[in-house]
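In: Any chance you could fold what I've pasted below:
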Amino acid sequence: MKYLLSLGGTPVEYTLERKRVKNINLRVRGGEVFVSAARWVPREVIEQFLLSRAELILRAVEQSAPPRERRWVSGERLFYLGRELTLCVEKGRQSRVTAEGDLLRVEVRETGNAERVERALAAWYRAESERLCREACDRLYPRFAPLGVPRPEIRMRAMRSCWGNCRPERRIVTFNAFLAAAAPDCIEYVAAHELTHFLHADHSPAFYAALACVVPDWKLRRARLKALAPLLF
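Out: As a prediction, the model looks like this:
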């Protein structure tokens, strides 16, 4: 049976299999979570076990998810701020990335070195994502401050399974380092989503009601993000 559980604000689907085993067994394979437990173990106990290992599970999911294959050559298509741009790899003295019109221009010393191109793009996306996420949080924070939400520490991490992650108990919000690929209003939605987790740690009706007060069209923005996810790195 498949079930959905919120791990640190990130919805994660897991497959539960009932077996003759003494302990709760967990494995992550191909970006999917599998759990086995005896029939007498209540699902509430199993999910408490998963919650206690939330950080390890999320990291394992991200690391084991199959990566998108790219050659990192001119002509490939990448997204920036919700727009599809054409990658243009050129020779340059230093690694530099610029978005110019419909082009995403990358300058590297060795144009045929795919690893250099990928590193340059990853660093640029991370810097752009951090800038945009900080700006979005700064704009939104006045809506949350009167509700007792602390100003969080913002971190960035390359993630394949989610756009953001909130740890209310540690006052940390982690954003996907490739979030700059999304449109500005979608980035704002992710920021609002994570800040709302300081009010409601789960994805209950109360959570979505609070989110709707800040982003009334959150369903539309979320749908656009889901459509974009398969097209990322």
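
In: Contact partners for the residue most central in space within the chain?
Out: Within the chain, one residue has its C-alpha closest to the average C-alpha position: by C-alpha atoms, centre = their mean, that is Trp163, at 2.1 Å. Each residue near Trp163 by C-beta atoms under 8 Å, 6 or more residues apart in numbering is listed here: Phe175, Asn176, Leu179, Ala182, Val190, Leu225. No exception for glycine: its C-beta is placed from N, CA and C like everyone else's.

In: do the same with Lys2
Out: With contacts defined as C-beta under 8 Å, 6+ apart, the neighbours of Lys2 are Glu13, Tyr14, Thr15, Leu16.

In: chain center to the longest helix along the chain, what's the gap?
Out: When the chain is parsed with DSSP state H, its longest helix is helix 114-144. Offset of helix 114-144 from its chain centre (C-alpha atoms, centre = their mean, to the nearest Å): 12 Å.

In: other SSEs contacting the helix or strand following it?
Out: On the C-terminal side of helix 114-144, the closest following helix or strand by DSSP states H and E is strand 153-157. In this structure, strand 153-157 makes packing contacts with helix 114-144, strand 172-176, judged by 3 or more C-beta pairs under 8 Å, 6 or more residues apart in numbering; DSSP states H and E.

In: Now mean pLDDT too, for the ones you listed, in TSV please.
Out: As requested, those are arranged in TSV below (pLDDT from 0 to 100):
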stretch	mean pLDDT
helix 114-144	96
strand 172-176	96
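
In: Would you mind saying which of the ones you listed lies nearest Leu78?
Out: Go through the helices and strands packed on strand 153-157 one by one with C-beta to C-beta and the one that ends up closest to Leu78 is helix 114-144, at 7.4 Å.

In: follow-up on the earlier one: and the longest helix of the chain with strand 172-176, angle?
Out: Regarding helix 114-144 and strand 172-176, their directions subtend 140 degrees when assessed with axes from the mean of the first three to the mean of the last three C-alpha atoms, to 10 degrees.

In: ok, what's across the strand from the residue lying closest to Arg170 once chain neighbours are set aside?
Out: Excluding the flanking residues, the one nearest Arg170 by C-beta to C-beta, 6 or more residues apart in numbering is Glu153, at 8.0 Å. With DSSP bridges as the criterion, the beta-bridge partners of Glu153 are Ile172.

In: Can you find the helix or strand of the chain with the lowest average pLDDT?
Out: Of all the helices and strands that make up the chain, the one with the lowest confidence by mean pLDDT, DSSP states H and E is helix 54-64; it has a mean of 79.

In: next structured bit after that helix?
Out: Taking DSSP H and E as the definition, the helix or strand that follows helix 54-64 towards the C-terminus is strand 77-80.

In: So which elements touch that following strand?
Out: Counting contacts by 3+ C-beta pairs under 8 Å, 6+ apart, the secondary-structure elements packed against strand 77-80 are strand 83-91.

In: Could you point out which of the contacts of Trp163 is nearest to Cys133?
Out: When those are ranked by distance to Cys133 (C-beta to C-beta), Phe175 comes first, at 4.5 Å.

In: neighbour-wise, which of the contacts of Lys2 leads?
Out: Most neighbours among the contacts of Lys2, by other C-beta atoms under 10 Å: Tyr14, with 21 neighbours.

In: Show me the domain layout of the chain.
Out: Residue ranges for the domains of the chain, per automatic domain parsing: 2-64, 77-231.

In: Averaging pLDDT over each of these, report the lowest-scoring one.
Out: Set side by side, the domains of the chain show their lowest mean pLDDT on domain 2-64, which sits at a mean of 87.
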